[in-house]
Each structure stands twice: as structure tokens, then as C-alpha cells.
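Trainee: what's the 3D shape of this:
(chains A and B)
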2 protein chains.
Amino acid sequence: MRTRQALMKAAATEFDRYGYDGTSLSAISKAAGLSIGAVTFHFPTKVHLADAVQEEGRSVTVAALERLAAEPMTPLRMVIDLTLELTRLMEQEPAVRSAIRLSRERPATVSWSDAWLPTVRSLLDRAYESGQLHTDALPADVTTLVEHLTSGAEAYLRSRMGSDPAFESAVAQLKRVWRLALAGVSAEGPAVPRQTGSPENPA
Amino acid sequence: MRTRQALMKAAATEFDRYGYDGTSLSAISKAAGLSIGAVTFHFPTKVHLADAVQEEGRSVTVAALERLAAEPMTPLRMVIDLTLELTRLMEQEPAVRSAIRLSRERPATVSWSDAWLPTVRSLLDRAYESGQLHTDALPADVTTLVEHLTSGAEAYLRSRMGSDPAFESAVAQLKRVWRLALAGVSAEGPAVPRQTGSPENPA
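Mentor: Model (predicted):
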């Protein structure tokens, strides 16, 4: 079992860095410090390993969502916290980054966003029904916004990888962006200043 | 000269699809229908070709920005149109998609966003000074928002590549997202509905 875990960990790191095509079973066995025989005993092919890593990335994501769902908060606040949690997972969990990259590079497999996007959509439907969203902020559009912000967080993270860790965290950056998206950027539309300390202020 | 152009075109397509590591000079020569000798006559190594494609992607981007800058419009409107134009370029120009991907995969080279991000930042400074932005929508934060939205557009585009062309265009999607970002998502902050047909409405 420990061998399997060591392999999964090494595979997550390799797939995250080099992608599906750029990763070989022998590179993974080397990174895990195991023989190629030990690798193929647990995972006969690269497909099996990639599937297992994607599955783990999704499980980690679903578990985080379930922890969040237990908290008492409004649907809109939950969406915001969910995206911040996804970003934290991207920062800290190679299996999650790997699942994101692999599901992009292997379009025939289950997408990583399937683990959380339906939840976001139904939370936004509830937020709209309960009057938390602007009347012209339709749930479908806000869902698209959430997808853009999550992709933006991942892109920022990847662009900063391996460089100075003093860079702003992707989570802190997304908080700044959410503040804008909630209150609006333009002075022409919303003239009323954002209420600080409101439940939707992700400070 | 025609050979050089055919090579650049083939290289842009290959780099865009398979990335720097996944592309070889022989694959490019095959895609261009040229001998490997013809390739190395113009571009001795893959580095030379990748540099040339990145440079072309930046040039195309800068030219589009210059066309935009000639139009009479407010700084905020210009930022919005600029991001829509970048997205249109991503959709239509393999050299631009290639430049984005290559500058990500070759961090030591000039980043594609260097071609437009400084312009966005200075436009947003002007938008803030002229009262177009919310008083708490600081130019640095709005710049970060723009980066997230642009990454989101690219991610959407890549996820849809090769699939049903009936999917919504990335430009149309970004317009929907901008409408939200301008007016704000939350009903709590900005209670005043967005003014339709305003110069900031990217309809």
C-alpha cells in the first residue's frame, strides 16, 4: 500500500510538471525510487496511473466541497469560499493540479470541473432565487464568471511556479478579484459603494 | 520568402497543438510539405523557429492594439475592447495561441502578456483618475481581474478546440462576463441596476 501511495505521489508530481505526453512510467519509477517492475505491478500502463491520479484529484476536491457544505453560510458566500478552496487545493495538492492538467490533455476522461461546477451552478441558482444576486446577474453568466476566475487562478499559479515564493498567493489574488466582481468595476453602473464587512466580502 | 511563411504557419500550428517539447523540426517540415533541409536553411534549430513564432504572435497583438488605440473611446471601454480583441486573436490566429503557449513553456523568453498588459495598466490608471472606475476598484486590482478573464478566455478556447463549433465563442462569453464584472454580481453592494446601453456596456 505504501508503494502504491509513493507511486501516486510521484506520478502526480510528474504529470503536473510534464503533462501526460511528457511523462513516462520509467520517469515515475525513478522519481519514486522504485523499480519499473514495482510500478507495473500496481499500474500496468501509464493510462492506469493517469486515471488513478485524476480520480484522486477529484476525490480530494469533492472532500473539500463536502467540508464546506457543512458550514452555515449563504449560497453566494459558499460559491466564493468554494473557489478560494479550489485555488488553495491547486496551490497545495499536486494531485489536484495533475487532475486539472490531465483532464485537459485527455479530453475523453472525466473533467476535473465536473467535480465542482454543478455544485456552483446550483448554489448560484439558489443565490439568485434568494435575491443575493443582482437581478441581471443571471446564474448561467455568474457560473461562466466563476469558470474564468478559476482558470485565471490556475494560470497565475502555473506562471509563478518555481519562481520567487514571495509572489502573492493565488488565493489572496482571487480574493481581490472577487471583491471587484461582487461590487462591480464601473462607476457608472453601481454608484453605491460596496458595503464593507458584508457576508459577501471575502476579506 | 514564401517558404519561410509556410514554415512559420506550420510551426505556429504545431507548437499551438503539441507545445514546445511535443514539436520537432521534422514534424514541422512534414506539416509544411518541405524537406528538413529547407527548414534548417531558414531556421537552424527549433529554438529559432519558436522565437520567430513568439515574435510574430507579439507583433500581431501589438498591431491590433495600435488599431484600437486610434479609435475614439474612453479608457475603460478601450480596456474591454482590448480584451475582446485579444480573445478574437486567440480564436483566429494560431501564431497568437502559439505565442501564449510558448511563452508559458519557455519562461526565459519574453512573455506574450508583456505585449499588452502595460497598456491595460496605464489605461486603467487613466480610467481611475477620470472617475470611470469605482473609488475602491483600484487599477492594480482591475488589472489582476483582466489577467484572470484573459486566462479564462484562453482556457475556455482550449477546452473547446476540436469539438463542436456550435459552442459559444470565447468572445461572446467574455462579453457576458464583462457585463457582470462592470455592474457587480452581488445585490448587496450595488443596488442600482446597470445602465443599459452605456459606453461600458459591451453589448
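
Trainee: The spatially most central residue of chain A: helix or strand, and which one exactly?
Mentor: Taking CA atoms, centre = their mean as the criterion, residue A:86 is the residue nearest the geometric centre of chain A, at 3.7 Å. Counting by DSSP states H and E, the element that carries residue A:86 is helix A:75-92.

Trainee: can you give me the end-to-end distance of stretch A:111-123?
Mentor: 20 Å (CA to CA, to the nearest Å).

Trainee: Pull out the buried positions in it.
Mentor: A:111, A:112, A:113, A:115, A:116, A:119, A:120, A:121, A:123 (16 or more other CB atoms under 10 Å in any protein chain shown). Heads up, the C-betas are built off the backbone N, CA and C, glycines and all.

Trainee: Need those residues in JSON lines (columns: secondary structure, pLDDT and distance to chain B).
Mentor: What follows is the buried residues of stretch A:111-123, written out as JSON lines (DSSP: H, G, I helix; E, B strand; the rest coil; pLDDT from 0 to 100; distance: CB to the nearest CB, whole Å):
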{"residue": "A:111", "secondary structure": "coil", "pLDDT": "91", "distance to chain B": "8"}
{"residue": "A:112", "secondary structure": "helix", "pLDDT": "94", "distance to chain B": "11"}
{"residue": "A:113", "secondary structure": "helix", "pLDDT": "94", "distance to chain B": "9"}
{"residue": "A:115", "secondary structure": "helix", "pLDDT": "95", "distance to chain B": "15"}
{"residue": "A:116", "secondary structure": "coil", "pLDDT": "97", "distance to chain B": "15"}
{"residue": "A:119", "secondary structure": "helix", "pLDDT": "96", "distance to chain B": "17"}
{"residue": "A:120", "secondary structure": "helix", "pLDDT": "97", "distance to chain B": "13"}
{"residue": "A:121", "secondary structure": "helix", "pLDDT": "97", "distance to chain B": "14"}
{"residue": "A:123", "secondary structure": "helix", "pLDDT": "96", "distance to chain B": "13"}
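
Trainee: Just put these in CSV and tack on distance to residue B:36.
Mentor: Listed next are those as CSV, based on distance: CB to CB, whole Å:
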residue, distance to residue B:36
A:111, 38
A:112, 39
A:113, 41
A:115, 45
A:116, 47
A:119, 51
A:120, 49
A:121, 50
A:123, 55
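
Trainee: coming back round to it: would you indicate which residues of the helix or strand just after the helix holding residue A:86 are buried?
Mentor: Sequence-wise, the next helix or strand downstream of helix A:75-92 (DSSP H and E) is helix A:94-105. Within helix A:94-105, the residues that count as buried by 16+ other CB under 10 Å are A:94, A:95, A:96, A:97, A:98, A:99, A:100, A:101, A:102, A:103, A:104.

Trainee: Could you identify the least confident member of these?
Mentor: Lowest pLDDT within the buried residues of helix A:94-105 is found at residue A:104 (89).

Trainee: out of the buried residues of helix A:94-105, which touch chain B?
Mentor: residue A:104 (CB under 8 Å from any CB of the partner chain).

Trainee: ok, the buried residues of helix A:94-105 vs residue B:21, which is closest?
Mentor: residue A:101 (13.9 Å; CB to CB).

Trainee: which residues touch the closest one?
Mentor: When contacts are counted by CB atoms under 8 Å, 6 or more residues apart in numbering or on different chains, residue A:101 touches A:15, A:16, A:19, A:20.

Trainee: Make TSV out of those and add secondary structure, distance to chain B and pLDDT.
Mentor: TSV is the format used below for these (DSSP: H, G, I helix; E, B strand; the rest coil; distance: CB to the nearest CB, whole Å; pLDDT from 0 to 100):
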residue	secondary structure	distance to chain B	pLDDT
A:15	helix	14	96
A:16	helix	14	95
A:19	coil	8	91
A:20	coil	10	93
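
Trainee: Quickly check those residues for the two that are furthest apart.
Mentor: Largest separation among the contacts of residue A:101 by CB to CB: A:16 and A:20, giving 10.7 Å.
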